[in-house]
Structure formats: C-alpha cells, structure tokens
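Colleague: no sequence on hand, only this structure:
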Ligand code: SF4
Ligand code: SF4
C-alpha cells in the first residue's frame, strides 16, 4: 500500500478564549482542575451532558470556544453541589457553571430552552421584585418562538389543572415596595461583579 507522509492537521488552540474564561469571576479556578474525574463520576446529569465538567474544563484550557459554548453541559447543570463538595482541588464548580451560563448569554450562545428560561425568570424578577409564572411563561415562549408553543400544547392539561388548583395565578402579583431600591441594588451588584472578576 502506498505510504503518505502527510502530517495530521494542526490542532488550533484559541488561548484568547481560555484567558477570557479565566477572567470571569470564578473562571481562574478552572486552572486548579487536575482532571481527576471526581466531578464526572459524581454528576447525576452527566449522561445527558455533551461533556462532563472535567472534559469541559479541559476544552476551556485548550481554548476550544465553539465546543465549549455550544455544549449543553452548563445548561444541564442543576447546581446540586455534589461535585463541589467532592472536588479535591476545591474548584467551585457551581459558580463556574453560572459564570459560563452568563458568558454564553452575553456572547450569543443561548440556543437552549434553559437559557430562555433563565432570561425570562430574570426579566420578571428584576422588573417586579417577584416571580410571576404567567409572565415567565409568556416571555419564555417569546424567546423560544412558535415551535415551542406548539410543543407545549401537548401539556395543556397540566396547565389547566394547575389553574384549577390555583397553582398558576392568572393575574400578576403586586410589585415589591420600593422597586427603585431593588433596581439600585441590582445595578450595584452588576458593577461589583465586573470589578471582582479576576
Ligand atoms: S473534581 Fe475537581 S479536580 Fe477533579 S476533575 Fe473535577 S474539577 Fe477537576
Ligand atoms: S453541580 Fe452540576 S456539574 Fe456538579 S454534580 Fe451537580 S449537576 Fe453535575
């Protein structure tokens, strides 16, 4: 058989991306990961994740932006904290996952139902000081589009039963008193989170 001395394609490492992630509030902890796999075997949702947390951190170190940002891993993280208490290097995995979610939303990588839910929940709570299921649902469908509405039509009985049992209020609750102060707190928290990022 004819031998070809073709070299394998060069792997591209985007270390600018890795540095961006390290500069997030908890991002630099990723450097402490020693790839022991404890988080991977502890995680209850690992089987439905594109990459376990361990593999995701490795991809971040390699600068594999698209693989990391398009992965469902951080969206499927339920913040259960199991990995967090078991990590021998003290990596605050839950906080890192939250940072990755925010980074993904800020950089236009939010094509997951969970991302739409986060956005809808935050918009409601920041605008009213309380959550309102009807408002969250409406915003969620607005973000996800008609296809999602049609998909959820199959669950309409659940919605009707929730309404019947008063688990789904029709009218929004009153806004919290002094909403202006809440907005100031949110503004300040945003400022601080920018400053604290390492
Ligand atoms: S448990 Fe901690 S050190 Fe081990 S692979 Fe996971 S993040 Fe890395
Ligand atoms: S906090 Fe997230 S990544 Fe860690 S075990 Fe729980 S679901 Fe898995």
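Modeller: Thanks, I have the structure now. Bear in mind the structure is a predicted one, so any value in this text is a computation, not a measurement. Numbers count the residues shown, from 1 in each chain. Ligands and ions are numbered 1, 2, ... in the order given.

Colleague: show me the helices in the chain, by range?
Modeller: 15-22, 38-42, 53-61, 65-70, 73-76, 82-86, 93-106, 113-128, 133-144, 146-152, 156-164, 179-196 (DSSP state H).

Colleague: and the third one, what does it pack onto?
Modeller: It stands for helix 53-61. The helices and strands touching helix 53-61, judged by 3 or more C-beta pairs under 8 Å, 6 or more residues apart in numbering; DSSP states H and E, are helix 15-22, helix 38-42, helix 65-70, helix 73-76, helix 93-106. For the C-beta atoms, the positions are set from N, CA and C on the backbone; glycine is no exception.

Colleague: please tell me how far the first one is from the chain's geometric centre.
Modeller: On the basis of C-alpha atoms, centre = their mean, to the nearest Å, helix 15-22 sits 18 Å off its chain's mean C-alpha point.

Colleague: give me the angle between that helix and helix 53-61.
Modeller: 130 degrees (axes from the mean of the first three to the mean of the last three C-alpha atoms, to 10 degrees).

Colleague: buried ones in helix 15-22, by neighbour count?
Modeller: 17, 18, 20, 21, 22 (16 or more other C-beta atoms under 10 Å).

Colleague: would TSV of the residues you listed with pLDDT be doable?
Modeller: Putting those into TSV (pLDDT from 0 to 100) gives the following:
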residue	pLDDT
17	95
18	96
20	96
21	97
22	96
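
Colleague: of these, list those near ligand 1.
Modeller: When contact is defined as C-beta under 6 Å from any ligand atom, the buried residues of helix 15-22 do not meet ligand 1 at all.

Colleague: residues from the chain in reach of ligand 2?
Modeller: So far as C-beta under 6 Å from any ligand atom goes, the chain lies against ligand 2 at 39, 42-45, 53, 77-83, 93-94, 97.

Colleague: got a quick PyMOL command for the buried subset of those?
Modeller: A single PyMOL command selects the buried members of those (16+ other C-beta under 10 Å):
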select buried, resi 39+42+43+53+77+82+83+93+94+97
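
Colleague: and the residues of the chain next to ligand 2, which is closest to ligand 1?
Modeller: Set against ligand 1, the nearest of the residues of the chain next to ligand 2 by C-beta to the nearest ligand atom is residue 39 (3.2 Å).

Colleague: what's near enough to touch the closest one?
Modeller: Counting by C-beta atoms under 8 Å, 6 or more residues apart in numbering, residue 39 makes contact with 52, 53, 54, 83, 86, 87, 91, 93.

Colleague: pipe those into a markdown table and attach pLDDT and distance to residue 67 per row.
Modeller: Below are the contacts of residue 39 laid out as a markdown table (pLDDT from 0 to 100; distance: C-beta to C-beta, whole Å):
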| residue | pLDDT | distance to residue 67 |
| --- | --- | --- |
| 52 | 97 | 13 |
| 53 | 97 | 14 |
| 54 | 97 | 14 |
| 83 | 96 | 20 |
| 86 | 96 | 25 |
| 87 | 97 | 22 |
| 91 | 97 | 20 |
| 93 | 97 | 18 |
